[in-house]
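> Here is a sequence with its predicted model. Questions after.
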Amino acid sequence: MNRRIRTFALVALACFGLLLLQLGNLQVRQATALQHSPFQPPVNGGDPFEQPRGEIVSSNGVVLAESIPASNVYRYFRHYPDGPLFADITGYYDVTASSAPYGMEAEYNQFLSPNTPAVHSLDGILTERTGTDSVEITVSTTLQKVAAEALGSYLGAVVAVDTQTGAILAAYSNPTYNPNKLSSADAKQAENYYKSLNPDSGSSPLVNGVTAQRYPPGSTFKIITTSAIFDHDPTLENFVAKPASSISLPDTILRLHNFGSETCGGPLAEDLAISCDTAFAEIGVKLGAQRLYDEATSFGFNQVPPIDLPSDEVIPAVFPSAASFAGNIPGVAYSAIGQENVAETALQDALIASAIADDGTIMTPHFLSRIVDAAGNVIETYKPHPWLQATSAMTAEQVRTLMLGVVTNGTASHVGFPADLHVAAKTGTAQTSNSPCNDDWLVATAPAGPGDVPRVAVAAVVVQPTGYCDGTGAAVAGPIVRTVLLAALGLGS
């Protein structure tokens, strides 16, 4: 009998021990994962306006989104101190039923919403608490203001990326909107403002101009065409184009003209520096549709960049499939210079420059820096990691060297980059199918001289600038990129 009692007592003790271990496992080791599980039931009955949400904070400590007590049927509503300046990033938290949260408000909703914090002590195990987490991002208010002021009244976008980590340093587009008017405690007022933004239109300010608006990239695409030379047919490095103002294209009576009908042609370094369309059209035809498609895809075209925004707020750059060019050699020629059906976002152009800057690697773009709970505990820190190996380190170095010529003696020579900074750049003046005006681009990375490690890449696109319809990437987008690049590198303007 005593033996049975002892056996039973040992089994019961073992079960109790396992129970304690599992309790500790759930409340300590797996607490954070369970806390933010999509299956976690909402706190406080699920009413999102009964408790405050966590803050979104800039890299220099400025609050970008916060909860403010309300005096009507809601206890709290969302406030954005720098509203329109950060709308593309923070998004908004709407009190109306017509639309879901946007931006980081949606992407990190599980952290910003009231939740049960991870347990860090015995007191935490014994006491049930709820709280909100703060999301700290990689963008500073200082650089974001520089980007907005540089873009000014132009329609378009500008984005700066840390080439070594993928951190987004600035991301601004115009038109923008005021998220405070969507998070107003007056639900009717919020609904009316939402409708005024024409949300079903592709040109609505609610469409993220950095990540979800595509434009023909024009000659900035020549970065990829040049990379394709080294990756797929290095013999073309020695191709010397005959000087011409236009060339005939196979299977058509049409001719492909250089911008402004200028005459150009020569070795590759000269062709890229002065952005010779006729030369690159010939190179594109020699490479062929499949190689151009493969190179574009390796740089991220036809793939959604994995940036931390809701999936419907990010779209891929587009380069048509090789099969779509069957019987259309002129289309290959135009695509090689960033026209035809080629289109990309400002983010994608910055990532292309990032690859050229970072030995061919595109780091995963991200806004998140870290997440901190209400007690000041860091519960998650972003760890940089690659997205794509776009090309080899050797190709990246060769293309980067050629891009230096764009600034020293090419189309960007009058933009005003400091000579001792060694900026590698590419201009783009893209003709559009629905307007006689151009979309003007410039993308740059620095410092990019021999032995340098380029730290920042900046891309800007200005869409059909009013009063400057025949402008160029250097003249229109150049000053924007110069200002943001120098500021990002701490060099002022």
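Yep, it's here. Small disclaimer: the values here were computed from a predicted structure and weren't measured.
> tell me what the top strand by length along the chain is packed against?
Looking across the chain with DSSP state E, the single longest strand is strand 435-446. Counting contacts by 3 or more C-beta pairs under 8 Å, 6 or more residues apart in numbering; DSSP states H and E, strand 435-446 is packed against helix 346-357, helix 393-409, strand 424-432, strand 456-463, helix 478-488. Where C-beta positions appear, they are placed from N, C-alpha and C, glycine not excepted.
> any idea how far the residue nearest in space to the middle of the chain lies from Ala412?
Among the residues of the chain, the one closest to the centroid is Leu347, at 3.9 Å (C-alpha atoms, centre = their mean). Relative to Ala412, Leu347 is positioned 21 Å away (C-beta to C-beta, to the nearest Å).
> just Thr252 next, same as before
As for Thr252, its distance to Ala412 is 32 Å (criterion: C-beta to C-beta).
> and what of Asp312?
Counting by C-beta to C-beta, the gap from Asp312 to Ala412 is 35 Å.
> quick one, which of the two is more surrounded?
With neighbours defined as other C-beta atoms under 10 Å, Asp312 and Ala412 compare such that Ala412 has more, 30 against 11.
> For the stretch 351-493 of the chain, give me the ranges with low pLDDT.
By pLDDT under 70, the low-scoring segments of the stretch 351-493 of the chain are 432-436, 465-470, 492-493.
> and Ser67, what element?
strand 63-69 (DSSP states H and E).
> check contacts around the residue nearest to Pro306 when sequence neighbours are not counted.
Take Pro306 and drop its neighbours on the chain: the residue closest to it by C-beta to C-beta, 6 or more residues apart in numbering is Thr364, 5.5 Å away. Counting by C-beta atoms under 8 Å, 6 or more residues apart in numbering, Thr364 touches Gly166, Pro306, Ile307, Pro384, His385, Pro386, Trp387.
> Next, Thr364: phi, psi?
Per-residue torsions, Thr364: phi -60, psi 120 (degrees, to the nearest 10).
> With Ala412 as the reference, measure out to it.
28 Å.
> what's the answer for Ile224, then?
18 Å.
> Helices of the stretch 1-150 of the chain, start to end?
In the stretch 1-150 of the chain, the helices defined using DSSP state H, counting those that start in this stretch lie at 2-24, 31-35, 87-90, 103-107, 109-112, 122-126, 141-151.
> ah, wrong one, I meant the stretch 151-300 of the chain
Using DSSP H, counting those that start in this stretch, the helices found in the stretch 151-300 of the chain span residues 187-196, 222-232, 268-273, 277-287, 289-298.
> give the contact list for Gly209.
Asp88, Gly156, Ala157, Ser173, Asn174, Pro175, Thr176, Ala346.
> Try it again at 6 Å.
Counting by C-beta atoms under 6 Å, 6 or more residues apart in numbering, Gly209 touches Ala157, Ser173.
> Please report phi then psi for it.
Dihedral pair for Gly209: phi -70, psi -20, per degrees, to the nearest 10.
> C-alpha coordinates for stretch 440-452, CSV please?
Output of stretch 440-452 as CSV, limited to C-alpha atoms (Å, rounded to 0.1, in the frame of the first residue of the first chain):
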residue,chain,number,x,y,z
ASP,A,440,12.0,63.1,-65.0
TRP,A,441,14.2,60.8,-63.0
LEU,A,442,17.5,60.8,-61.3
VAL,A,443,19.0,58.1,-59.1
ALA,A,444,22.4,58.4,-57.3
THR,A,445,24.6,56.7,-54.7
ALA,A,446,27.6,57.9,-52.8
PRO,A,447,30.4,57.9,-51.9
ALA,A,448,31.3,55.8,-54.8
GLY,A,449,34.9,56.4,-55.6
PRO,A,450,37.7,53.8,-55.6
GLY,A,451,37.9,52.3,-52.2
ASP,A,452,34.6,53.9,-51.0
